[in-house]
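>>> fold the following and give me the result.
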Amino acid sequence: MSEVTIWHNPACGTSRTTLGMIREAGIEPRVVEYLKAPPDRARLAATIAAAGLTVRQAIREKGTPYAELGLGDPALSDDALLDAMLAHPILINRPFVIAPGGTRLCRPSELVLEILPAQGVPGVEAAERQGR
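So this is what the prediction gives:
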């Protein structure tokens, strides 16, 4: 099992770019197509929290039923927002990456470099050998 997991949507350019960056770093991640296999409530909530985000910050608005479901209402609780995300996984922003260095919503894609194992990041291993 890979140390790195990406919640991936192959139709999303940012998600494809992030996956490519992980692979360029020499890592073959566990790829979870979350639209086909969404996380359960506990995993979704824990991943959002581990990324340092609020539930509202983890919701995708563009290209989703966000507006028609009235999710912009600031009175909605985190539980209500999580319910909507579980009922409509397209509302889960992407790509989330879980790695040894932490969890990030990788928007922009370059945020993934902050959490990849050092041996997987190009140039890091050589710099460490040189005492940088």
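
>>> which stretches of the chain form helices?
Taking DSSP state H as the test, the helices found in the chain are 13-24, 41-50, 78-87, 124-129.

>>> reformat those helices as JSON lines; add mean pLDDT, mean neighbour count and distance to Leu35.
For glycine as for every other residue, the C-beta is placed from the backbone atoms N, C-alpha and C. As requested, those are exported to JSON lines (pLDDT from 0 to 100; neighbours: other Cβ atoms under 10 Å; distance: least, Cβ to Cβ, whole Å):
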{"stretch": "helix 13-24", "mean pLDDT": "97", "mean neighbour count": "18", "distance to Leu35": "11"}
{"stretch": "helix 41-50", "mean pLDDT": "98", "mean neighbour count": "16", "distance to Leu35": "13"}
{"stretch": "helix 78-87", "mean pLDDT": "98", "mean neighbour count": "16", "distance to Leu35": "12"}
{"stretch": "helix 124-129", "mean pLDDT": "40", "mean neighbour count": "12", "distance to Leu35": "32"}
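
>>> TSV please, covering these and showing distance to Leu111.
Rendered in TSV, the data for the helices of the chain read as follows (distance: least, Cβ to Cβ, whole Å):
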stretch	distance to Leu111
helix 13-24	8
helix 41-50	14
helix 78-87	21
helix 124-129	16
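
>>> between the ones you listed, which one is closest to Arg94.
If you check each of these against Arg94 by Cβ to Cβ, helix 13-24 wins as the nearest, at 5.0 Å.

>>> now for the closest one, which elements pack on it?
strand 5-8 (3 or more Cβ pairs under 8 Å, 6 or more residues apart in numbering; DSSP states H and E).

>>> export the strand it packs on as PDB, just CAs?
Extracted in PDB, the C-alpha atoms of strand 5-8 (Å, rounded to 0.1, in the frame of the first residue of the first chain):
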ATOM      1  CA  THR A   5      -3.300   8.700  -1.400                       C
ATOM      2  CA  ILE A   6      -5.000  11.100  -3.800                       C
ATOM      3  CA  TRP A   7      -8.700  11.700  -3.900                       C
ATOM      4  CA  HIS A   8      -8.800  12.000  -7.700                       C
END
